[in-house]
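Peer 1: Below is the sequence, then the predicted model.
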Amino acid sequence: MAELKKIASQLKNAADELLGQVKEIDHQIAGFAKQRDALTSGIVTKADFMEYLRGYIHIKAGFFGKEVSSALKARRDFGSLEYDRIAGNGFPGIFLLTAIMVPVVITEKALYFYFGDVIVARLSQALDALDWPDNAIPVSLRHEQLVNIENETAELYRQRAELVSMLGEAGITGI
């Protein structure tokens with residue numbers, strides 16, 4: 001009987017050790033989650049913010065450029081151009097500020113296409129009124145750190161699953 005008690009004690013100690021490792025891994029995972037949250041919720045520098053803004057305007061302007069280019073594509077032959085010039089029509093059915101066939105208020109994409117740099121400059125001036133951190137982590141470094149956090153977290157989850165599997169093989173479940 002003493003031998004069985006000794007074996008049971010060893011099993012309990014081994015299970016406690018494994019459970020302690022699982023708990024430590026859970027603690028590390030929680031730490032990485034806090035780091036990820038700090039990186040993703042932290043305010044960026046004004047320069048990084050402006051890069052996001054420029055990217056947005058560039059994308060929207062590109063859409064408009066494709067739309068107006070497509071609308072003008074059919075208007076390139078000499079006969080149509082000359083007929084419309086003589087008739088004083090310009091480009092009938094094409095509105096260069098909307099890229100569609102009906103007159104409407106100038107579209108946002110058209111403004112970005114024609115005046116994107118001016119809009120960025122004006123918004124940059126307006127954003128000077130806000131507080132911007134001088135020592136914020138650059139966006140490029142945040143991307144690297146987030147990738148590292150994801151890799152480390154994935155490895156911790158793999159290790160945790162291995163420990164839980166070992167516990168399950170020993171008959172300890174519910175973890």
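Peer 2: Received the coordinates, thanks.

Peer 1: residues touching the residue nearest to Trp132 when sequence neighbours are not counted, list them.
Peer 2: Leaving aside its chain neighbours, Trp132 sits nearest to Lys46 (4.1 Å; criterion: C-beta to C-beta, 6 or more residues apart in numbering). To be clear about C-beta, it is placed using only N, CA and C from the backbone, and glycine gets the same treatment. Lys46 makes contacts with Ser124, Leu127, Asp128, Leu130, Trp132, as judged by C-beta atoms under 8 Å, 6 or more residues apart in numbering.

Peer 1: Phi, psi for the third one please.
Peer 2: Backbone dihedrals for Asp128, given as degrees, to the nearest 10, come out at phi -60, psi -20.

Peer 1: Ok, Ile43 next?
Peer 2: phi -70, psi 140.

Peer 1: Make sure it is actually in contact with Pro133.
Peer 2: Yes: contact criterion C-beta atoms under 8 Å: Ile43 and Pro133 qualify, at 5.6 Å.

Peer 1: quick one: pLDDT of the residue nearest to Trp132?
Peer 2: pLDDT for Lys46: 96.
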